[in-house]
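Participant: Predicted model follows, preceded by the sequence.
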There are 2 protein chains.
Amino acid sequence: MIPVVKTIDEVRNYVKAWRREGRTVGLVPTMGFLHEGHRSLIENDCVVVSDFVNPTQFAPNEDFETYPRDIEADAALCESAGAKLIFNPEPSEMYHDALTTVSVDKITKVLCGKTRPIHFNGVCTVVSKLFNIVMPDRAYFGQKDAQQLCVVKKMVKDLNFDIEIVGCPIIREKDGLAKSSRNTYLNAAERKAALCLARALSTGRKMICDGEKDTERVADAIRAEIEREPLARIDYVEIVDLDTLEPARDASSHILAAVAVYIGKTRLIDNFIID
Amino acid sequence: MIPVVKTIDEVRNYVKAWRREGRTVGLVPTMGFLHEGHRSLIENDCVVVSDFVNPTQFAPNEDFETYPRDIEADAALCESAGAKLIFNPEPSEMYHDALTTVSVDKITKVLCGKTRPIHFNGVCTVVSKLFNIVMPDRAYFGQKDAQQLCVVKKMVKDLNFDIEIVGCPIIREKDGLAKSSRNTYLNAAERKAALCLARALSTGRKMICDGEKDTERVADAIRAEIEREPLARIDYVEIVDLDTLEPARDASSHILAAVAVYIGKTRLIDNFIID
């Protein structure tokens, strides 16, 4: 059975033993409640999955308390995916009178950063800690959280972490909904309504593939498609440069089209990239 | 002759070669213009001395431009002290469109942080970068910069850097002045006046050794001694808890007595610790 450890020292002991054997080490940072999207992040070297609902990336009005947790199911998924270790610390193992924050400017102020102003500070700080605890060769992040991937890549470059960041494609349900632990919040009607995100993005992507270069027209079409869904309330629909996350004019290359939409009380995100 | 390298890749190649030989690696982060205080930080394992006047820890009104530099003399000192490598990057090797900051709250807002509000952000960020570049087993910091040592220790703990921070005693000139690259700014009269820092701290330490427990009375005596020197202008004289840097009441244990004093235009610091 895959070991589930609670302490930083145990993680370090496992990783040091692997290093002595000359093995490479991967890290998949997650908040648990794993799904097939997470499974796709687990490759073939010695992979540590961290399974930690990080309190510092949730604002007081957000869903830290209700975020779904299921460590037994997570352990089963990790084991079947070939991971070697789960790190499932208590918050007290990760934070005691901490005063240190890792922050990234500019690219954290747009998109999700507008409605979640402290979120990326929490992400960058906990990811830095996990990097220093596991010291992996590679770390895996889903492209579903495209802004997070962009921010982590920038942080790694700026702080000279000697770690390769691997972005992994979005995994979807059969009907197109992007896999997310937060999908469990949706009731039957909302679950159906939630399809508007993928449908709208699909419309936008098709426009660009058909030659539309004007990002405003593409964004308008995405917005219009989502607004047809009565249970949906748009947080943002934006088409931005893939690196700077600044508004892009030309939709034909190096862009991220990202949406955040409330379906009832549940905030969902989805996106596509044109490289 | 000791290699002086300019790029991050070269540092990593040296360190990886040492690691393959099973050797331990030390880091001495400096701003160059080395003196005997720095020499005492260089121990017997493979020591990298980083020699970089870090622009991000200087405010626009501070002495970044005039800070003394002498890489040839530094190389000679490092070689004679037994260091293995000098990392002397250009600012462009360390920063290009960087957006990431590592910051430590509370303990950076007091003492030197009051007059140098951005200083410790710059220190923490560049030290994080150097830690990730060199990945040393141990890093050496002089106790002369006692607040910096305290801040770096806290950052290492909070971010789980797997690095031992070694604090090294203050090295003094024969007449008592704490060694500092900034001592070169002093003219002859100022050089003599600068002795008031060590003299005042010595008075304070003697009071505590003789049984005085009231930090206010000790601080007042230190202040009075410095104020007798016409060329001196006090920035602060404080006696604080060694970990929290909050004002201490009982002078008899676990305190840092720290002073910052302008001698002419040159700001000097000095301190003593009672553990």
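Facilitator: In hand now; what should we look at?

Participant: residues from chain A in reach of chain B?
Facilitator: A:8, A:12, A:98-107, A:124-125, A:128-129, A:132-133, A:135, A:154-155, A:158-162 (Cβ under 8 Å from any Cβ of the partner chain). Where you see a C-beta, it was placed from the backbone N, CA and C, and this is true even at glycine.

Participant: Throw together a PyMOL command that grabs the buried residues out of those.
Facilitator: Here is the PyMOL command that picks out the buried ones among the residues of chain A next to chain B, judged by 16 or more other Cβ atoms under 10 Å in any protein chain shown:
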select buried, chain A and resi 8+12+98+99+100+101+102+103+104+107+124+125+128+129+132+133+135+154+155+158+159+160+161+162
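
Participant: First-to-last residue distance for stretch A:37-52?
Facilitator: Terminal residues of stretch A:37-52 are spaced 17 Å apart (Cα to Cα, to the nearest Å).

Participant: And it, what's buried?
Facilitator: Quick answer for stretch A:37-52 (16+ other Cβ under 10 Å): A:37-43, A:46-52.

Participant: One more: stretch A:213-221?
Facilitator: A:215, A:218, A:219, A:221.

Participant: just the strands in the stretch 51-200 of chain A please.
Facilitator: A:85-87, A:100-104, A:138-142, A:164-168 (DSSP state E, counting those that start in this stretch).

Participant: Check which helices and strands the first one sits against.
Facilitator: Meaning strand A:85-87. Helices and strands touching strand A:85-87, by 3 or more Cβ pairs under 8 Å, 6 or more residues apart in numbering or on different chains; DSSP states H and E, are strand A:4-5, helix A:8-20, strand A:46-51, helix A:71-81, helix A:119-134.

Participant: now the second one
Facilitator: Applying 3+ Cβ pairs under 8 Å, 6+ apart, one finds that strand A:100-104 makes contact with helix A:119-134, helix A:146-159, strand B:100-104, helix B:146-159.

Participant: Please apply the same query to the third one.
Facilitator: Applying 3+ Cβ pairs under 8 Å, 6+ apart, one finds that strand A:138-142 makes contact with strand A:25-30, helix A:119-134, helix A:146-159, strand A:164-168.

Participant: Quickly compare those and say which is most buried.
Facilitator: strand A:25-30 (a mean of 26; mean count of other Cβ atoms under 10 Å in any protein chain shown).

Participant: who touches it?
Facilitator: A:15, A:18-19, A:38, A:41-43, A:45-52, A:74, A:83, A:126-127, A:130-131, A:134-141, A:163 (Cβ atoms under 8 Å, 6 or more residues apart in numbering or on different chains).

Participant: Would you agree residue A:115 is in contact with residue A:234?
Facilitator: No. Look at residue A:115 against residue A:234 with Cβ atoms under 8 Å: they stay out of range, at 11.4 Å.

Participant: ok, and for stretch A:180-200, which residues are buried?
Facilitator: So for stretch A:180-200, counting by 16+ other Cβ under 10 Å, buried means A:180-183, A:185-186, A:190-191, A:193-200.

Participant: show me the contacts for residue A:240.
Facilitator: Taking Cβ under 8 Å, 6+ apart as the test, what residue A:240 contacts is A:110, A:111, A:246, A:247, A:248, A:255, A:256, A:258.

Participant: and it, what are its bridge partners?
Facilitator: residue A:247, residue A:256 (DSSP bridges).

Participant: okay, how far is it across stretch A:12-27, tip to tip?
Facilitator: 13 Å.

Participant: and it, average pLDDT?
Facilitator: Mean per-residue pLDDT for stretch A:12-27: 93.

Participant: follow-up on the earlier one: next, format the helices and strands packed on strand A:85-87 as a markdown table and append distance to residue A:90.
Facilitator: A markdown table is the format used below for those (distance: least, Cβ to Cβ, whole Å):
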| stretch | distance to residue A:90 |
| --- | --- |
| strand A:4-5 | 12 |
| helix A:8-20 | 11 |
| strand A:46-51 | 12 |
| helix A:71-81 | 12 |
| helix A:119-134 | 14 |
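
Participant: Select, out of the ones you listed, the one closest to residue A:175.
Facilitator: Of all the helices and strands packed on strand A:85-87, the one in closest proximity to residue A:175, counting by Cβ to Cβ, is helix A:71-81 (21.4 Å).

Participant: on contacts alone, who are the packing partners of that closest one?
Facilitator: helix A:36-39, strand A:46-51, strand A:85-87.

Participant: As CSV, these with mean pLDDT would be great.
Facilitator: Below are these laid out as CSV (pLDDT from 0 to 100):
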stretch, mean pLDDT
helix A:36-39, 84
strand A:46-51, 94
strand A:85-87, 95
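
Participant: Include distance to residue A:263 when you put these into a markdown table, please.
Facilitator: Formatted as a markdown table, the helices and strands packed on helix A:71-81 follow (distance: least, Cβ to Cβ, whole Å):
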| stretch | distance to residue A:263 |
| --- | --- |
| helix A:36-39 | 18 |
| strand A:46-51 | 26 |
| strand A:85-87 | 30 |
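
Participant: Out of the buried residues of stretch A:37-52, which comes closest to chain B?
Facilitator: residue A:50 (12.1 Å; Cβ to the nearest Cβ).

Participant: Turn the strands of the stretch 51-200 of chain A into TSV, including distance to residue A:120.
Facilitator: Formatted as TSV, the strands of the stretch 51-200 of chain A follow (distance: least, Cβ to Cβ, whole Å):
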stretch	distance to residue A:120
strand A:85-87	22
strand A:100-104	6
strand A:138-142	13
strand A:164-168	15
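
Participant: Relative to residue B:210, which of these is closest?
Facilitator: Here strand A:100-104 is closest among those (Cβ to Cβ), at 38.7 Å.

Participant: List of residues touching the closest one?
Facilitator: Outside strand A:100-104, the residues that reach it (Cβ under 8 Å, 6+ apart) are A:120-121, A:124-125, A:127-128, A:151, A:154-155, A:158-159, B:99-105, B:124, B:128, B:154-155, B:158-159.

Participant: Brilliant, that's me finished.
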